[in-house]
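Q: Predicted model follows, preceded by the sequence.
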Amino acid sequence: ALVSIVFPCRHLIGELFTSDQEVADTVASLVPIMCVFMLGDSLQATVGGAMRGLGQQKVMLCLNVFAYWILALPIGSLLMFVADVGLHGMWWAFVLAVFSSGTVGLLTLKYGISWEKEGMKAAKRVTAITLTSTHTPSRNPPARMSTDDMDSIYFESSFSTGGDDDDDEESCAESVVIHA
């Protein structure tokens, strides 16, 4: 969505920040590359969020160090100074880095993660989830399970009605046990 705004306005963006026409023209010429970078960044950011949710931050750290420091910096420097491509060369190297990190991260999520194992780890972390329920007669829920030996997930929902007076309050609960 941002690309659809930035790209058509590429000639205005530089002029918003400088009165130097050469700088504004350079910014306008870099915006198309920046738009390609933003597409890769959306992939990389999504993969990074999934990895963070899995507790695999170290994987993303390694991917980003490799992509930016091992790939982008040397390639960008070569394009910028040796091939005389200038600033555009460094931006294309950043495009390479963000797509490399995102693609390898996506492949790691697809083929390198045991989703069954991750699901079981998540189930063991869950002790109880409080849900809002409709009015159901109150009953005694089973004792909560320990996260160490949990073979099922216990969901408990509760619902209270009544005024400020606790004696008049009507409490209702519903429980469901899902076996893993």
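A: Looks like it arrived, so ask away.
Q: hmm, which helix or strand of the protein has the shakiest average pLDDT?
A: strand 129-132 (a mean of 42; mean pLDDT, DSSP states H and E).
Q: And the pLDDT for the residue nearest the centre of the chain?
A: Closest to where the C-alpha atoms of the chain average out (C-alpha atoms, centre = their mean) is residue 49, at 2.3 Å. pLDDT for residue 49: 96.
Q: Number the residues from 198 up from this point.
A: Understood, numbering begins at 198; the last thing we discussed is residue 246.
Q: pretty sure it belongs to a strand, no?
A: No: assessed by DSSP: H, G, I helix; E, B strand; the rest coil, residue 246 does not belong to a strand; its assignment is helix.
Q: Distance-wise, check it relative to residue 317.
A: Look at residue 246 and residue 317: by C-beta to C-beta, to the nearest Å, they are 21 Å apart. Yep, even glycine has a C-beta here, placed from its N, CA and C like the rest.
Q: same deal with residue 268?
A: 36 Å.
Q: the more surrounded of the two?
A: Taking other C-beta atoms under 10 Å, residue 268 and residue 317 do not tie; residue 268 has more neighbours (16 against 13).
Q: what stretches of this protein score poorly on pLDDT?
A: 324-377 (pLDDT under 70).
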